[in-house]
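model the structure of this input:
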Amino acid sequence: MSKNRYKNGVIKQILKDHFDGFWNLHDTRFPEAYRKDIKETVWKAIRCGTRDLGYSR
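Next up, the predicted model:
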């Protein structure tokens, strides 16, 4: 996969489109102690690069 595809936010788009459905089906497969952190990390990944959360370089 080329670097150009990553610049276009392919991973971010996949998370936006599919994480909620995945999480609703599979959240119980993860230890309860990690569930909040997993959701928070995915939410940060989705919002990364937006004006309200900021940009990473």
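
who touches the residue nearest in space to the middle of the chain in this structure?
Nearest to the geometric centre of the chain sits Val42, at 3.1 Å (C-alpha atoms, centre = their mean). Residues counted as contacts of Val42 (C-beta atoms under 8 Å, 6 or more residues apart in numbering) are 15, 19. Backbone N, C-alpha and C define where each C-beta goes, glycine included.

contact partners of the strand or helix carrying Gly21?
Secondary structure from DSSP states H and E places Gly21 in helix 10-26. Applying C-beta under 8 Å, 6+ apart, the external contacts of helix 10-26 come out as 1, 39, 42, 45-46, 48-49.

can you do 6 Å?
By C-beta atoms under 6 Å, 6 or more residues apart in numbering, the surrounding residues in contact with helix 10-26 are 42, 45-46.

buried sites along that helix?
15, 19 (16 or more other C-beta atoms under 10 Å).

which SSE is immediately downstream of it?
Counting by DSSP H and E, what follows helix 10-26 is helix 32-47.

quick one: average confidence on that following helix?
Averaging pLDDT along helix 32-47 yields 93.

pull out the buried residues from that helix.
Quick answer for helix 32-47 (16+ other C-beta under 10 Å): 42, 46.

any idea of the angle that helix forms with helix 10-26?
150 degrees (axes from the mean of the first three to the mean of the last three C-alpha atoms, to 10 degrees).

mind saving the C-alpha coords of helix 32-47 as PDB?
The C-alpha trace of helix 32-47 is given here as PDB (Å, rounded to 0.1, in the frame of the first residue of the first chain):
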ATOM      1  CA  GLU A  32     -13.300  -5.200  31.100                       C
ATOM      2  CA  ALA A  33     -10.400  -3.200  32.600                       C
ATOM      3  CA  TYR A  34      -9.300  -2.300  29.000                       C
ATOM      4  CA  ARG A  35     -12.600  -1.500  27.400                       C
ATOM      5  CA  LYS A  36     -12.700   2.200  28.300                       C
ATOM      6  CA  ASP A  37      -9.100   2.700  27.200                       C
ATOM      7  CA  ILE A  38      -9.700   0.900  23.800                       C
ATOM      8  CA  LYS A  39     -12.700   3.100  23.000                       C
ATOM      9  CA  GLU A  40     -10.900   6.200  24.100                       C
ATOM     10  CA  THR A  41      -7.900   5.400  21.900                       C
ATOM     11  CA  VAL A  42     -10.000   4.700  18.900                       C
ATOM     12  CA  TRP A  43     -12.000   7.900  19.400                       C
ATOM     13  CA  LYS A  44      -8.700   9.800  19.600                       C
ATOM     14  CA  ALA A  45      -7.500   8.200  16.400                       C
ATOM     15  CA  ILE A  46     -10.700   9.100  14.600                       C
ATOM     16  CA  ARG A  47     -10.400  12.700  15.800                       C
END
